[in-house]
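Visitor: Next input, structure requested:
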Amino acid sequence: MKPIYLDYNASTPLLPEVREAMLPWLKNGFGNPSSSHFYGQKCKQAIENARRQVADLLNCQPEEIIFTSGGSESNNLAVRGVAELHSGGHIITSIIEHPAVLEVCRYLENNNFKVTYLPVTADGLVEVSAVAAAIRPDTFLITIMLANNEIGTLQAVREIAEIAHAHGILVHTDAAQAVGKMPVDVHELGVDLLSVAGHKMYAPKGVGALYISTGVRITPLFHGAGHEHGLRPGTENVLEIVGLGQAAEVFRSNSTEILAEQTALGEKFFCDLKNVIPDLQLNGNPHKKLSNTFNIYFPDVDANTLLAELTQVAASAGAACHADSLTPSHVLKALGLSEERILGSIRFSLGRFTTESEITAAVTAISNTYRRLTNAEKTSGVAEDFEPIQLTQFTHGLGCACKIRPQTLEKILRDIVPPVSDKILVDFSASDDAAVYKINDDQAIVATVDFFTPIVDNPYDFGRIAAANSLSDIYAMGALPLFALNIVAFPEKRLPVEVLTKILKGAQVVATQAGIPILGGHTIEDNEPKFGLVAIGTVHPARIIRNSGARPGDALILTKPLGLGILSTALKRGLLDKKTKNLIVATMAELNATAAEVMAEFEVHACTDVTGFGLLGHLHEMTVGSQVRAQISASAVPVLPHTREMILRDVIPGGTDANRAFIASHVILDKSVTDTEQVILCDAQTSGGLLIAIPERYSDELVQKMHAKGISAARKIGQIKPGSDGKIKIVP
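Guide: Residues are numbered from 1 along each chain as shown. Below you'll find the predicted structure:
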């Protein structure tokens, strides 16, 4: 069954009346509204009818309405459109605005404008006195949202407008969350500009409107023909404009009934939930807010964990969950809430299709899930076959993409002084992923540790991949593994222990392939499953292979294809077919043992495995440590099927984006290297291949022997070049 939808502030479904109004224009509304013939004028008439409907809803004149592509464009057109009539000056806004306002203000700050970001009270209100105090002689615009999208608070826009107009200052309000949920009258508010978003008020996505009071001048963002009074060029989106107009008409005609029902359902939801979970707390002002919006703190539980378990309800957490990190809500941070409270908060937003029975069912589901996660109950055992469990849905990070950013790690390690001893042959100072300690003249111990969150759904496969990834650093150092220890974090309250059994069995299979035992380990209770190994190996002190030995003239060989971070993210989102899924699992679970065995037959100057920091990140460690430069050919790098397709769909883990930001200043790009290729080269890998620097004269033979041993992806991808700054040049 579909979950109960309580995320109406994110987006709303189309009203039946809106669909019906749009349908004729989907079938026959192909005319250009600027054309003078019958087909064009019918479309023009439909647009003007919609303009009147929106104007009637806002209590303004039709000519004061400009149609846009949505709330973000309306906000940009309002704020930047006014600003660009000034050569500089001062803008006042609040720190809880939508990014569609905040990012415009930040852009303007880089272009000779000054911006004051007003704080809010503990319940999310902008103080009118603070607005008055912030006004300067050069202030020309105040932009304060009407209703906040996360906590629903309603700002005193009318009072702010009165103060602003007394100083000759224009006022804009982002009303995207307000229109269609409460009465919005531009004359009562006293604003000069007001933004509307279609998909927040049961109209289509991709359409919105901007109210511009008569006499207010703004500069268009785009230039072209004179559509929309010369302020928004481009042939109008007739179909969606008609939908927006109809949505406005429906609310205007039925607002009393809609608001009464919305208020009653909202009160029932919060009261019923508070009765069964007395400790929950509301974020924001309980009275000056939208009646449909409830941002609720659930003590002693992580909101994303609660939502992951709460499959019966669709809502939004107070911290956005990405593939590699959690981003706390800037709105909740502005209230001065603790990190614990932010991470434990969920926004529920009701809508016109919400029913009383759904409210009852949602309250029951929320309370049952909350009690299960906060009580000391353990999950009961399940049958051996528990394929319906999707392991990646029980975590917020994703494999090696959830590493600490390289920028942060560099800063931390810079302040830590490594110990000094003639027994310590390798430590963290040179970016090697393992430590080496000399036992005697013939033997040294190599030790490494690696663990991460699930990269695939099957527990057995996750165990295999985690073990292969952990052992990779041993092979990259030219060592042989000796034994390993398990590292386990496991949510006993969320997953049956049989899941952990399968993880450990998968790891044991890979350890057996490596010819080593797993001798024990350590476990903790945690909200997320995490697994990995401490791996111990041995190597002759004279045969250690490090990051720092590459020499000009060396060839660079890569043994596994790239794209694992991107495709793992796609797998978590359910976007991969079975064949591709099986391919990436097999790639990640494959030990680098055979590649290391072949490598041992040659004179190798440097080696590293390619994991969380991506190919360029790990190559950068090699070039800096070796005081050389490198050049790689993007077209020579092996890439897994469907990786490029997923990049074009913006399926990119946050760790990959962080890698790209980190490496940007260390890379020299040929102008023909595409953006997609750059993403691939920075993609955060899990259990990736070995990157080997070897004298050019041996490169072809090494690759041929790799192929003969079944390592079919092995490729020569570039060369080590003279130069001491560690720069990497990328050519097509």
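Visitor: Over to Pro183: give its phi and psi.
Guide: Reported as degrees, to the nearest 10, the phi and psi values for Pro183 are phi -70, psi 130.
Visitor: excluding its backbone neighbours, what's nearest it?
Guide: Ser255 (6.2 Å; Cβ to Cβ, 6 or more residues apart in numbering). In short, each C-beta sits where N, CA and C put it, glycine included.
Visitor: Can you report phi and psi for the one you found?
Guide: Dihedral angles (degrees, to the nearest 10) for Ser255: phi -60, psi -40.
Visitor: Same question for stretch 11-28: list its buried residues.
Guide: Under the neighbour-count criterion of 16 or more other Cβ atoms under 10 Å, stretch 11-28 has Thr12, Leu14, Leu15, Glu17, Val18, Ala21, Met22, Trp25 buried.
Visitor: Distance of the closest residue to the third one other than its chain neighbours relative to Lys181?
Guide: The one in question is Leu15. Spatially, and ignoring its direct neighbours in sequence, Leu15 is nearest to Tyr202 (4.4 Å; Cβ to Cβ, 6+ apart). Here Tyr202 is placed at a distance of 10 Å from Lys181 (Cβ to Cβ, to the nearest Å).
Visitor: and if you look at Ile503?
Guide: Ile503 is 46 Å from Lys181, by Cβ to Cβ.
Visitor: what's the answer for Gly344, then?
Guide: 26 Å.
Visitor: try Phe67
Guide: Taking Cβ to Cβ as the measure, Phe67 falls 21 Å from Lys181.
Visitor: Where do the helices of the stretch 301-450 of the chain begin and end?
Guide: In the stretch 301-450 of the chain, helices defined by DSSP state H, counting those that start in this stretch lie at 303-309, 330-334, 339-343, 356-374, 406-414, listed in chain order.
Visitor: Can I get the ones you listed in JSON lines including distance to Val82?
Guide: Below are these laid out as JSON lines (distance: least, Cβ to Cβ, whole Å):
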{"stretch": "helix 303-309", "distance to Val82": "37"}
{"stretch": "helix 330-334", "distance to Val82": "24"}
{"stretch": "helix 339-343", "distance to Val82": "33"}
{"stretch": "helix 356-374", "distance to Val82": "42"}
{"stretch": "helix 406-414", "distance to Val82": "36"}
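Visitor: Out of these, which gets nearest to Val128?
Guide: When the helices of the stretch 301-450 of the chain are compared for distance to Val128 using Cβ to Cβ, the nearest one is helix 330-334, at 17.2 Å.
Visitor: follow-up on the earlier one: higher neighbour count, Gly344 and Lys181?
Guide: Using other Cβ atoms under 10 Å, the more surrounded residue of Gly344 and Lys181 is Lys181, with 28 against 25.
Visitor: Hmm, Tyr202 and Val179 touching each other?
Guide: No - the pair Val179 / Tyr202 is not scored as a contact, 10.6 Å apart, by Cβ atoms under 8 Å.
Visitor: Which residue of these two possesses the greater neighbour count?
Guide: Taking other Cβ under 10 Å, Val179 and Tyr202 do not tie; Val179 has more neighbours (29 against 26).
Visitor: who touches the more buried one in this structure?
Guide: Leu57, Leu58, Val196, Ala197, Lys200, Met201, Ala248, Phe251 (Cβ atoms under 8 Å, 6 or more residues apart in numbering).
Visitor: Let me know the pLDDT of the closest residue to the second one other than its chain neighbours.
Guide: It stands for Leu58. Distances taken as Cβ to Cβ, 6+ apart place Val186 nearest to Leu58, at 5.1 Å, with adjacent residues excluded. We have a pLDDT of 98 for Val186.
Visitor: my read: Val186 touches Leu194, true?
Guide: Yes - between Val186 and Leu194 there is a contact at 5.7 Å, judged by Cβ under 8 Å.
Visitor: Find the residues that touch each one of those two.
Guide: Common contacts of Val186 and Leu194 (Cβ under 8 Å, 6+ apart): Leu58, Tyr211.
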